[in-house]
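Trainee: pasting the sequence and the predicted model now:
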Amino acid sequence: MTDAAAVEIVTGVHRGVGRILLNRPKALNALTTDMVAAIDGVLAAWEDTPLSAVLIASTSAKAFCAGGDIRTIREHSLAGDAKASERFFASEYRLNARIAEYPVPVVSLIDGLCMGGGLGLSVHGAFRVVTERAVLAMPETGIGFFPDIGASYFLPRLPGAIGMYLGLTGHRIDAADALYTGLATHFVPADGPDAVAESLADHPGDPVDVVLNRLAGRSPVAESRLAEVRGDVDRAFGAPTLGEIDKRLRHLDTPWAATALAALESASPQSLEITHALLARGRQRTLRQCLDAELSLARTTIRTPDFLEGVRAALVDKDRAPHWQRAPLDVRTPPA
Ligand code: QUE
């Protein structure tokens, strides 16, 4: 661990509860190689410590975690050192698997933005707690990448075709939607990580589920907007091909369908194809198989022009106007 990582992750054990606080607020806690190694190291060390729970949270109210440090990944690719990024993904996905298999309940407090790699830290754990400030998304098709960190395992297991919808469009969901989909398990008001950690420490004998439900109190959770369009989501995104999804969305002719179409039109066509195939296959794979498939796809994808261009447009020049390599679906002509 370097000194930088010692600052970017704050950890400690207090009254039988392990705390891992992400502390890189200027980059919305985007995960660096050092941060992944630090989290993995502390979880490995705590496997032999009797703990009632491990809490993963953020020191910042803005974000739980915006994802991986893809700016640096792009720089590695441009410098001809994609191997460095491969090491990042391999260690990030190993951490995702460790969290899934962890012997102590892992509780993530998602208060603020949580995208990509942030979902990888939280979703595989036993408990995902959202606050009224939670915003969750898998936006990778918008940067020429694809939903990784085990998304090909958990997205196809969401109700109906919600996972395909979220993975292809990058649609952002709130706390009510996260609870509706099952990405989140509990709601608590945004009182900071200490309130959750102290509650867990106060009741070491109680099931974590009971402690979290008690914290929620009587806080009302809004209706899920996703629930309201669920029929259309399943009809359109349950289609067997991207072309058929496109056709069904056009046929629906609703504001929701128009927004979904616009998202698909602005995404990388290469990413959409990779994502559709990956999520379809993920349904039959174990988490480990999904992570292995994602790692081999990540190795090739980070070297493609669409990835370099997508990260440039979203995070480097911030013009949000990427020029993708291949023609979008509606103008691609079939071979004669
Ligand atoms: C897709 C992504 C990411 C993204 C935007 C996308 C991602 C990521 C970040 C991000 C945001 C703010 C930061 C930062 C990174 O944005 O993975 O360092 O300050 O980390 O459309 O996958």
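Mentor: Everything's here; your move.

Trainee: OK, contacts around the residue of the chain found nearest the ligand?
Mentor: The ligand sits closest to Gly67 of the chain, with a gap of 2.3 Å, by C-beta to the nearest ligand atom. C-betas here are computed from N, CA, C, even on glycine. By C-beta atoms under 8 Å, 6 or more residues apart in numbering, the contact set of Gly67 is 30-31, 115-118.

Trainee: what's the answer for Asp174, then?
Mentor: Residues near Asp174 by C-beta under 8 Å, 6+ apart: 134-136, 222, 225.

Trainee: thinking again about what came up before, number of nearby residues for the closest residue in space to the residue of the chain closest to the ligand that isn't next to it in sequence?
Mentor: For Gly67, ignoring the flanking residues on the chain, the nearest one in space by C-beta to C-beta, 6 or more residues apart in numbering is Gly116 at 3.2 Å. For Gly116, the count of nearby residues is 26 (other C-beta atoms under 10 Å).

Trainee: got the phi and psi for Gly116?
Mentor: Main-chain dihedrals, Gly116, degrees, to the nearest 10: phi 40, psi -120.

Trainee: quick one: Ala84 and Ser77 touch, right?
Mentor: No - look at Ala84 against Ser77 with C-beta atoms under 8 Å: they stay out of range, at 9.3 Å.

Trainee: of these two, which one has the most company?
Mentor: Using other C-beta under 10 Å, the more surrounded residue of Ala84 and Ser77 is Ser77, with 19 against 14.

Trainee: check the more buried one and give its pLDDT.
Mentor: pLDDT for Ser77: 92.

Trainee: now it: closest residue in space that isn't a chain neighbour?
Mentor: For Ser77, the spatially nearest residue (C-beta to C-beta, 6+ apart) is Ile302, at 5.3 Å.

Trainee: how many neighbours does that neighbour have?
Mentor: 22.

Trainee: what subset of the contacts of Gly67 is buried?
Mentor: In the contacts of Gly67, burial by neighbour count holds for 30-31, 115-118, counting by 16 or more other C-beta atoms under 10 Å.

Trainee: so where is the stretch 1-150 of the chain shaky, pLDDT-wise?
Mentor: 1-6 (pLDDT under 70).

Trainee: in it, which spans are helices?
Mentor: Listed in chain order, the helices of the stretch 1-150 of the chain (DSSP state H, counting those that start in this stretch) span 3-8, 33-46, 70-78, 82-100, 117-122.

Trainee: would you turn these into TSV with distance to Gly160?
Mentor: Output for the helices of the stretch 1-150 of the chain, formatted as TSV (distance: least, C-beta to C-beta, whole Å):
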stretch	distance to Gly160
helix 3-8	38
helix 33-46	32
helix 70-78	30
helix 82-100	23
helix 117-122	19
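
Trainee: could those go into TSV alongside distance to the ligand?
Mentor: As requested, these are exported to TSV (distance: least, C-beta to the nearest ligand atom, whole Å):
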stretch	distance to the ligand
helix 3-8	12
helix 33-46	12
helix 70-78	5
helix 82-100	11
helix 117-122	6
